[in-house]
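K.L.:
Quick one, fold the following:
(chains A, B and C)
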Amino acid sequence: MMRNYKNKILTVKGLSKFFGERCPECIDKTGPEYNTNQCPVCSTIVACADISFDVYEGEILGIVGESGSGKTTISRSLYFEEEASSGEMYLNNYDPALNIFELSLQKKRTLRNKMLGMVYQNPHQGLRLNFTAGGNIAEKILSGGHYHVGKIREKASYLLDRSEISVKRMDDFPKNFSGGMQQRVQIAKAIANDPEIVFMDEVSSGLDVSVQARVLDLIKQLQRDLNMTMLVVSHDLGVIRLLTDRTIVVKNGRIVEKGLTDQILEDPQHEYTQLLVNSLL
Amino acid sequence: MNKNFGEEKKFNFGFLDENSKREIRRKLLKAAALPGYQVPFASRELPIARGWGTGGLQITMSIIGEDDIIKVIDQGSDDVVNAVNLRNLIARTTGVETTLKTEEATIIQTRHRIPEKNMTSDQILVLQVPYPEPLRRVEPSEEISRQMHAEKDYSLAWLDLYERVVKWGEITIGSQYPVMVNGRYIMSPSPIPRWDIPKLNNADTLYLFGAGREKRIYAVPPYTDVKPLEFEDYHFRVENFDGKRCLFCGSTDSYLDEVYDSESGEKYYVCSDSAYCRERIKNDEEL
Amino acid sequence: MGYVAVRGGSKAVENAEKLVEYFRIKGESSLLDIEAVKDQFRLGIDKIMSEGSLYDRDLAAAALKQSEGDKIEASFLLRAFRATKPRAYYSTIEKTNEMRILRRISAAFKDVPGGQILGPTRDYTTRLIDYKLFNEDREAVNKFKEEFLEEINNKSEDELESRPEFPKVIDLLKEEGLLIHNDEKKKQIKPDTDITRDGLDFPASRSAALQVMARGETGGMITLAYSTMRGYGNIHPVLGELRVGYLPLKINHPEKDEEVVLGEVLVTEAEVISQEFSDNEDQDMPVFTVGYGICFGHNEEKAIAMAVLDRSMAADSSDAPAEDQEFVLSHIDGIEAAGFTAHWKLPHYVTFQSVLDRIRKSQAEGRVKDE
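P.N.:
Numbers count the residues shown, from 1 in each chain, chains lettered A, B, ... in the order given. Presented below is the predicted three-dimensional model:
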């Protein structure tokens, strides 16, 4: 499948997130050179600062880093789970000139329901365990403003099937499913509205290695078949290697390197990236 | 001891003090400006218990004037015990005229029904509400449900309806059916039957809703869009009274109460709206 | 005919009220004097004032008599009366060190400056029914009173005049740096709202939460506090100090620049020290946290429960019901809880009819499918 690098789906400029009072030294005295996220002057945590990147149609972009690197803050800010302290976000197919961070809560919610998808590390965050598997997928479709039961059920059926879950389990409750199956329901739910971009936040981290492989394979397959655009956040370079086309490496809330995944793995430039790659089994 | 307990204490007009009434009126204005939005208010205690109509009563007491004529109904009837009690309380603390005839009243306070007869733009209907929050059924936390309203994020409410259809083949909600008001807020119409929901849409009259215990006021101003939530393939449906009629007036197009005769044990049907029924009987007799 | 009988609404209500009045006075006993109710049901009156949220002994006594001893019904009467009163003033902030002490104990230390003053308490009595009360002798009572007062008056002038100082136990701990300082700043009880005028929003400020609890129903609050002590939560309380006494009621003079003392109110105050370590990042060392409770009248269990709940609601987690602020504050008002519980007695046949309609339809369709 030809990837059209001319079509940008998502543009992020200068995304920053602070926890604390902030002072003029915060940015200068934190980051990979200082090996800390915390400002020595005012104790503010700089979860991430000055993050800028684009995501193109049909590609999978990876963000890799260890805990505290800011990678999860980035995806959470883009999905409006957190409010960015500053920065800009643009969805090309919505309005290339409108900074989405400045929209009202209501508009953000509508946009998120219609155009974005998220798969969480913990299925408890992404699924309503007191509703059926089909119901969970239906919720996403309903949130996009579609109110035809028959059609919703049909689509939910189709998505469950694509996610390798027996349609017979549609009216069962995910709380009785295995971890891997729960993730697959999450994936089905996240793509139910044909979103512009799907965020994946450590989706395989909580799973057994063998189960991980199946979930990752599914993601790859879906992405290929449906030409989906994805942002994959992970601490695991193995996952990054398997799934992503391009990668961003973050440390202490800053981008230290970005480029084609193959190149980064082959020839890492920044010393931190080298460290990561060398520890890759 | 200076207290003279012998004398009946004199009440302020409408029982509540003027400041309380003023706050409530202001909140009512805000509610009318935001159709379907629940406005919080510092609900006062009244001489009737919480849960028994203090919200509706506070609204009535705040808007009532000397020239108003009040009617009170409960389950549609003005001669049941609770309606009588409330009517007496209002009359005692205001001295206004009371009536049993729908068309004569300027203010009607009601529990769980809207009168069968179309109300005019000179009348106000005050509804008593036990559960103002339509999302409470699916979301127990007030903080979260308020956020949902703020973000117009109603997917959970729709999900609840969807799951009912999947399970039972229809939207199995009896009364308190959720409605979308002015295309913006999902609202609970109070425990009125589905039968009464269509009366809310594009009405001539002003509807005011009071929840005393939960401390919320909301409103549907005249000529507002009020649509029950439904699916394209599973529609909203009112109660079915096919083959049934009122034993007294013969009506086949009013909401009927099912009654077991206290002596014979036989089942029969009777108009829930007692004034409507009486008028039909009277008209019949005149013919 | 059934329909006609239903029309008897007003008459039925009238008769019901007559019946209630009859039940109240049908016995042969002498009618209760309000003064007697006030004097001899002291603690009941205190509870009613606290839950009715109105400090008036006479009205509380009348309410207790009128409701035939039903505490929640009596509190309801007081609240309804209170609702007719305009808010005239707000009292100035009280320092409870100024309390005229009746009783003062601390479980945290064996002895404290000012001493452990037991005051009037039944805590150490053996709970045996006193059969003398069936035939209380006026003479014996008078004699006891006489002798007791003589005992007091026989103390020397010095003993009578010397009233010890009662510094707050909490202050002793603060001086040692054992209490969270930030806790003070962030959670200082600033009267930032009046829940009877402004309504209650969630999350509620500490001031709002304390106001709700101050008028909360004792039983409901004890239940929730008890749950945290038993493990549904993490509070392991130690009673730092319990005080029962009279607080001066002061307001700022509306025109002159001075404070005016209007009188005294009897209150019970509890400060509970919680043995949880604060996870405040600014503290290098573990410290204690404090829960605060206060209410009208002499009502120790309520004040202690209030202090425990004050602490549990401030906890970071909200897994246990008593840690969920919304849960606690929404359900402890006696007038609301009892009123709504009672409201199920109102007719609900219209809504029931609606549900019958649904179920009948679903069943009918079910039968059709089977056929």
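K.L.:
alpha carbons only for contacts and neighbour counts from here, please
P.N.:
Fine.
K.L.:
Tell me, how many residues neighbour the residue in the stretch 1-150 of chain B that chain C sits nearest to?
P.N.:
Residue nearest to chain C within the stretch 1-150 of chain B (C-alpha to the nearest C-alpha): B:Ala42, separated by 4.0 Å. Neighbour count of B:Ala42, defined by other C-alpha atoms under 10 Å in any protein chain shown: 20.
K.L.:
Now the phi/psi pair for the spatially closest residue to it that is not a sequence neighbour, please.
P.N.:
Distances taken as C-alpha to C-alpha, 6 or more residues apart in numbering or on different chains place C:Gly199 nearest to B:Ala42, at 4.0 Å, with adjacent residues excluded. Dihedral pair for C:Gly199: phi 80, psi 170, per degrees, to the nearest 10.
K.L.:
so C:Gly199 touches B:Val39, yeah?
P.N.:
No - counting by C-alpha atoms under 8 Å, C:Gly199 sits too far from B:Val39 to count as a contact (10.3 Å).
K.L.:
For the residue nearest to B:Ala42, list the residues it contacts.
P.N.:
Shown in contact with C:Gly199 (C-alpha atoms under 8 Å, 6 or more residues apart in numbering or on different chains): B:Pro40, B:Phe41, B:Ala42, B:Ser43, B:Lys215.
K.L.:
taking those residues one by one, which sit in helices?
P.N.:
Counting by DSSP state H, the contacts of C:Gly199 place none of their members in helices.
K.L.:
Quick one, which of these are buried?
P.N.:
Buried members of the contacts of C:Gly199, counted by 16 or more other C-alpha atoms under 10 Å in any protein chain shown: B:Pro40, B:Phe41, B:Ala42, B:Ser43, B:Lys215.
K.L.:
of all those residues, which two lie farthest apart?
P.N.:
B:Pro40 and B:Ser43 (8.7 Å; C-alpha to C-alpha).
K.L.:
Mutual contacts of the two, please.
P.N.:
Shared contacts of B:Pro40 and B:Ser43, defined by C-alpha under 8 Å, 6+ apart, are found at B:Lys215, B:Arg216, C:Gly199.
K.L.:
residues shared between the contacts of C:Gly199 and B:Val39?
P.N.:
Common neighbours of C:Gly199 and B:Val39 (C-alpha under 8 Å, 6+ apart) do not exist.
K.L.:
Quick check: which helices or strands does the longest helix belonging to chain C pack against?
P.N.:
Ranked by residue count and defined by DSSP H, the top helix of chain C is helix C:349-370. Judged by 3 or more C-alpha pairs under 8 Å, 6 or more residues apart in numbering or on different chains; DSSP states H and E, helix C:349-370 is in contact with strand B:256-260.
K.L.:
Any idea how far the strand it packs on is from the middle of the chain?
P.N.:
On the basis of C-alpha atoms, centre = their mean, to the nearest Å, strand B:256-260 is displaced by 20 Å from the centre of the chain it belongs to.
K.L.:
Now the very next helix or strand once past that strand: buried residues?
P.N.:
Next helix or strand after strand B:256-260 toward the C-terminus (DSSP states H and E): strand B:267-271. Buried residues in strand B:267-271, counted by 16+ other C-alpha under 10 Å: B:Tyr269, B:Val270, B:Cys271.
K.L.:
Can you mark which positions in the helix or strand following strand B:267-271 are buried?
P.N.:
Note on strand B:267-271: by DSSP H and E, the next helix or strand toward the C-terminus is helix B:274-286. Neighbour counts over helix B:274-286 (16+ other C-alpha under 10 Å) mark B:Ser274, B:Ala275, B:Tyr276, B:Cys277, B:Arg280 as buried.
K.L.:
what residues are up against the second one?
P.N.:
If I follow you right, that is B:Ala275. Contacts for B:Ala275 (C-alpha under 8 Å, 6+ apart) come out as B:Ser77, B:Asp78, B:Leu100, B:Lys101, B:Thr102.
K.L.:
for the chain, what are the low-confidence residue spans?
P.N.:
Just so you know, I chose chain A. For chain A, applying pLDDT under 70 flags the ranges A:1-5, A:281.
K.L.:
Oops, wrong one, chain C.
P.N.:
Using pLDDT under 70, chain C drops low at C:1-9, C:160-162, C:180-190, C:234, C:275-287, C:367-371.
K.L.:
and which of the buried ones among the contacts of C:Gly199 is nearest chain A?
P.N.:
Checking the buried ones among the contacts of C:Gly199 against chain A with C-alpha to the nearest C-alpha, the nearest one is B:Pro40 at 20.6 Å.
K.L.:
pretty sure the closest one is touching B:Arg213, no?
P.N.:
No - at 11.1 Å, B:Pro40 and B:Arg213 do not qualify as touching, with contact defined as C-alpha under 8 Å.
K.L.:
all helices for chain B, in order.
P.N.:
Under DSSP H, chain B gives helices at B:18-33, B:54-63, B:81-94, B:142-151, B:155-168, B:274-286.
K.L.:
Neighbours of the closest residue to C:Ile222 other than its chain neighbours, how many?
P.N.:
Residue nearest to C:Ile222 in three dimensions, not counting chain neighbours: C:Ala305, with 5.5 Å by C-alpha to C-alpha, 6+ apart. C:Ala305 is surrounded by 27 other residues when neighbours are defined as other C-alpha under 10 Å.
K.L.:
Next up, the contacts around C:Ala305.
P.N.:
By C-alpha under 8 Å, 6+ apart, C:Ala305 lies in contact with C:Met221, C:Ile222, C:Ala225, C:Tyr226, C:Gly293.
K.L.:
The third one is in what secondary structure piece?
P.N.:
So the one you mean is C:Ala225. For C:Ala225, the host element (DSSP H and E) is helix C:218-229.
K.L.:
tell me which residues of that helix are tucked away?
P.N.:
For helix C:218-229, using 16+ other C-alpha under 10 Å, the buried residues are C:Thr218, C:Gly220, C:Met221, C:Ile222, C:Leu224, C:Ala225, C:Tyr226, C:Ser227, C:Thr228.
K.L.:
B:Lys267 pairs with what?
P.N.:
B:Lys267 has these beta-bridge partners by DSSP bridges: B:Tyr260.
K.L.:
whoops, C:Val261 was the one
P.N.:
C:Lys250.
K.L.:
Can you name the residues that contact it?
P.N.:
C:Pro248, C:Leu249, C:Lys250, C:Ile251.
K.L.:
Let me know how buried the second one is, in neighbour terms.
P.N.:
A total of 16 residues lie near C:Leu249 under the criterion other C-alpha under 10 Å.
K.L.:
try the third one
P.N.:
As a burial measure, the neighbour count of C:Lys250 was computed by other C-alpha under 10 Å and equals 18.
K.L.:
Over to the first one?
P.N.:
Here the neighbour count serves as a burial measure; for C:Pro248 (other C-alpha under 10 Å) it reads 20.
K.L.:
that's a helix at it, yeah?
P.N.:
No - assessed with DSSP: H, G, I helix; E, B strand; the rest coil, C:Pro248 is strand; it does not lie in a helix.
K.L.:
pLDDT of stretch B:81-90, averaged?
P.N.:
Averaging pLDDT along stretch B:81-90 gives 88.
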